[in-house]
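> Requesting a structural model of the entry that follows:
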Amino acid sequence: MTKMNIKIYNKNYQIKKNKKNKTLLEILESHNIKIDYQCRQGYCGSCKIDLIKGTVITSPKSQPIVYLNPGEILPCCCKIKENIEIKI
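Below you'll find the model as predicted:
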């Protein structure tokens, strides 16, 4: 297991990245961090958040179709690659 940090509103959460936590949304849920979501497939944009620092990966299979502004990500479709800072 790899340990990574997610920083939200100046609070640090240390998470363990494993196969059970596939997407950023699933990681946030597993740590009881609530965000809005609906479809979990990148169609609705309900879970849209700002990526302040770090890198996330979106699988070619789960490319979102909703419009994203620069710096916005969909936690339902991305996986974290390194420590990140987000604004919910």
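> Phi first, then psi, for Tyr13.
For Tyr13, the backbone dihedrals (degrees, to the nearest 10) come out as phi -120, psi 120.
> okay, now the nearest residue to it once chain neighbours are set aside: neighbour count?
The shortest distance from Tyr13 to any non-neighbouring residue, by CB to CB, 6 or more residues apart in numbering, is to Ile6 (4.8 Å). Bear in mind the C-beta positions are built from the backbone N, C-alpha and C, glycine included. Residues near Ile6, counting by other CB atoms under 10 Å, number 20.
> Tell me the strands beside the strand or helix carrying Ile6, with direction?
Under the criterion of DSSP states H and E, Ile6 resides in strand 2-8. Under the criterion DSSP bridges, strand 2-8 sits next to strand 11-17 (antiparallel), strand 84-87 (parallel) in its sheet.
> Helices of the protein, residue ranges please.
Per DSSP state H, the chain carries helices over the ranges 24-30.
> Can you find the helix or strand of it with the lowest average pLDDT?
strand 11-17 (a mean of 72; mean pLDDT, DSSP states H and E).
> what's around the nearest residue to Lys22 once chain neighbours are set aside, how many residues?
Among residues not flanking Lys22 along the chain, Lys79 sits closest, at 6.6 Å (CB to CB, 6+ apart). Lys79 sits with 17 neighbouring residues when counted by other CB under 10 Å.
> Low-confidence stretches in this protein?
1-2, 10, 16-21, 62 (pLDDT under 70).
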